[in-house]
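Engineer: the sequence and its predicted three-dimensional model are supplied below.
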Amino acid sequence: MKIGLIGTGILGNAVGMHLLDSDFKLVAYNRTKNKTEKLASHGAEIVNSPKEVAEKSEFVITCVKDADAVKEVSFGENGIIHGIHSNLTIADMSTINPISSREISSEYKKNGIEMLDIPVMGGPNVAINGNLVLMASGDSKTFEKHKKILETIAHKVFYLGENGTAHTVKLTMNLQIAMLALSISEGITLARGASIDPKIFLDILNETYFKTGMSENKGYKMIQDEFTPTFTLENLKKDLKTINETARSFGISLPMTTSAEQVYQQALNNGFGDLDYTGILAYLKSSTNSENIQN
Ligand SMILES: NC(=O)c1ccc[n+]([C@@H]2O[C@H](COP(=O)([O-])OP(=O)(O)OC[C@H]3O[C@@H](n4cnc5c(N)ncnc54)[C@H](OP(=O)(O)O)[C@@H]3O)[C@@H](O)[C@H]2O)c1
């Protein structure tokens with residue numbers, strides 16, 4: 001089975017490396033070609049368009065920034081649609097809104113192609129060992145046919161029903177990520193403001209029921225100002241916008257997520273977008289400092 005991979009950013013690269021380690025043949029494309037070098041040196045075939053990826057593989061994973069990017073690699077010039085064949089399935093791992101996902105999958109269906117939604121939880125550090133958590137939706141027979149590949153990518157695979165569903169569930173997950181990063185950051189900021197070592201805050205939190213993987217792991221990197229991205233602040237801001245848009249489409253509002261989107265947007269406007277999402281702490285630090293100077 002030849003797998004195609006379109007999008008070799010932070011996540012796609014790690015997923016691709018793991019598929020190669022698991023003895024799959026991989027054909028990869030990325031808009032910015034130098035981001036495919038690591039995969040090439042581990043045996044992936046690098047091609048020049050999504051169309052070529054589709055022509056040369058049976059199962060194509062798209063792992064790009066947002067819904068516009070998925071549409072572009074799918075239906076744009078030299079997109080996947082120009083390389084389709086009867087033995088092809090598409091699986092979109094990007095975090096996008098469920099409405100776009102339904103539009104994209106129905107466009108593929110019109111052309112005789114099934115698309116699965118396969119958003120994931122977990123970053124490159126777990127993707128590299130096949131330890132993601134994967135939420136799948138789309139045609140159930142297509143899911144069953146390709147379940148083995150999904151179980152290579154992830155240690156837990158949840159099948160959730162029709163197209164779009166997995167993306168809605170994924171958005172409920174990313175809402176947690178945004179809130180947790182903010183609440184830990186505000187805890188650290190409050191401790192620092194009172195001249196208390198923020199490590200004390202983390203050490204005590206981590207002895208309680210309210211600890212999380214984030215407070216136990218990333219928390220200690222955050223207080224060392226270590227924000228090398230595993231998932232960029234810019235991408236989490238993109239997801240907050242998607243969560244709020246999706247909520248509005250269901251006729252509901254999410255007050256905390258609305259506020260969080262504003263804070264992450266300000267961080268983005270102030271140049272913090274390329275940091276890890278936990279760099280929201282660095283933004284709070286800089287905005288607290290400038291407020292103190294103004295006062
Ligand atoms: N990192 C994580 O921990 C994580 C976890 C779960 C889900 N995700 C989701 O997975 C997706 C990829 O995340 P990532 O962390 O790998 O992000 P990333 O490092 O920022 O990579 C983004 C990828 O999208 C491509 N891209 C963006 N716009 C494009 C367009 N218009 N046409 C073609 N390609 C385009 C980029 O190509 P260029 O290199 O040319 O810019 C790059 O390959 C996102 O939807 C993200 O929300 C990420």
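Structural biologist: Thanks, I have it. Small disclaimer: the values here were computed from a predicted structure and weren't measured.
Engineer: return the residues of this protein in contact with the ligand.
Structural biologist: Residues of the chain lying close to the ligand (C-beta under 6 Å from any ligand atom) are 7-12, 30-32, 35, 63-65, 69, 72-73, 94-95, 120, 123, 230-232, 235, 239. From N, CA and C alone the C-beta is placed, and that goes for glycine too.
Engineer: out of those, list just those in strands.
Structural biologist: Judged by DSSP state E, strands contain the following of these: V120.
Engineer: in PyMOL, how would I select just the buried ones from the residues of the chain next to the ligand?
Structural biologist: Buried members of the residues of the chain next to the ligand, defined by 16 or more other C-beta atoms under 10 Å, are picked up in PyMOL with:
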select buried, resi 7+8+9+10+11+12+30+31+35+63+64+65+69+72+73+94+95+120+123+230+231+232+235+239
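Engineer: just the ones of the residues of the chain next to the ligand in helices?
Structural biologist: 10-12, 69, 72-73, 235, 239 (DSSP state H).
Engineer: where do the strands sit along this protein?
Structural biologist: Under the criterion DSSP E, strands of the chain are mapped to 2-6, 25-29, 45-46, 59-62, 89-92, 114-117, 120-121, 132-136, 154-159.
Engineer: now the ones you listed as JSON lines including mean pLDDT?
Structural biologist: What follows is the strands of the chain, written out as JSON lines (pLDDT from 0 to 100):
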{"stretch": "strand 2-6", "mean pLDDT": "97"}
{"stretch": "strand 25-29", "mean pLDDT": "98"}
{"stretch": "strand 45-46", "mean pLDDT": "98"}
{"stretch": "strand 59-62", "mean pLDDT": "98"}
{"stretch": "strand 89-92", "mean pLDDT": "98"}
{"stretch": "strand 114-117", "mean pLDDT": "98"}
{"stretch": "strand 120-121", "mean pLDDT": "98"}
{"stretch": "strand 132-136", "mean pLDDT": "98"}
{"stretch": "strand 154-159", "mean pLDDT": "98"}
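Engineer: TSV for those strands, including distance to N78?
Structural biologist: Output for the strands of the chain, formatted as TSV (distance: least, C-beta to C-beta, whole Å):
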stretch	distance to N78
strand 2-6	11
strand 25-29	10
strand 45-46	15
strand 59-62	14
strand 89-92	16
strand 114-117	18
strand 120-121	26
strand 132-136	28
strand 154-159	30
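Engineer: of these, which is nearest N270?
Structural biologist: Counting by C-beta to C-beta, N270 lies closest to strand 120-121 out of the strands of the chain; the figure is 28.0 Å.
Engineer: what pairs with the closest one, and is each one parallel or antiparallel?
Structural biologist: Paired neighbours of strand 120-121 in the sheet (DSSP bridges): strand 132-136 (antiparallel).
Engineer: hmm, back to that, looking at the ones in helices among the residues of the chain next to the ligand, which is nearest F210?
Structural biologist: Nearest to F210 among those, with distances taken as C-beta to C-beta, is D239, at 23.5 Å.
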